[in-house]
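A.B. asks: coordinates only, no sequence provided:
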């Protein structure tokens, strides 16, 4: 449970930082995502999910 809370906190911190520092760039990214076909967005999401799971596993194995 601690790992989930740490991961969620890190995601929120990074997302908040991106929105605070570059709100107009975030609008461009959202526009690009909206223009992508759903299958491509799904593949990006699955790739991000897989990378996140791998990073969490590595973090747990190395220090946690």
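C.D. replies: Yep, that arrived. Values in this document were obtained by computation on a predicted structure and should not be read as measured data.
A.B. asks: what comes up buried for the lengthiest helix in the chain?
C.D. replies: Selection of the longest helix in the chain by residue count, based on DSSP state H, yields helix 38-63. Going by neighbour count (16 or more other C-beta atoms under 10 Å), nothing in helix 38-63 comes out as buried. C-beta coordinates here come from the backbone N, C-alpha and C atoms, glycine included.
A.B. asks: so for that helix, mean pLDDT?
C.D. replies: When pLDDT is averaged along helix 38-63, the result is 92.
A.B. asks: what are the contacting residues of stretch 50-64?
C.D. replies: 3, 7 (C-beta atoms under 8 Å, 6 or more residues apart in numbering).
A.B. asks: could you report the distance from residue 33 to residue 3?
C.D. replies: Remark: distance between residue 33 and residue 3 (C-beta to C-beta, to the nearest Å) = 28 Å.
A.B. asks: again with residue 31
C.D. replies: 33 Å.
A.B. asks: pLDDT of stretch 7-20, averaged?
C.D. replies: In the prediction, stretch 7-20 has an average pLDDT of 91.
A.B. asks: any idea how far that stretch is from the chain center?
C.D. replies: Per C-alpha atoms, centre = their mean, to the nearest Å, the displacement of stretch 7-20 from the mean C-alpha position of its chain is 9 Å.
A.B. asks: residue 31 and residue 3: which is more packed in?
C.D. replies: Between residue 31 and residue 3, counted using other C-beta atoms under 10 Å, residue 3 has the larger neighbour count: 12 against 9.
A.B. asks: helix, strand or coil for the more buried one?
C.D. replies: Each residue gets one of three states, and residue 3 gets helix by DSSP: H, G, I helix; E, B strand; the rest coil.
A.B. asks: how near is it to residue 52?
C.D. replies: If you go by C-beta to C-beta, the gap between residue 3 and residue 52 works out to 11 Å.
A.B. asks: cool, residue 21 as well?
C.D. replies: Relative to residue 52, and taking C-beta to C-beta, residue 21 is found at 22 Å.
A.B. asks: distance of residue 63 from residue 57?
C.D. replies: For residue 63, the distance to residue 57 equals 12 Å [C-beta to C-beta].
A.B. asks: thanks a lot, see you next time.
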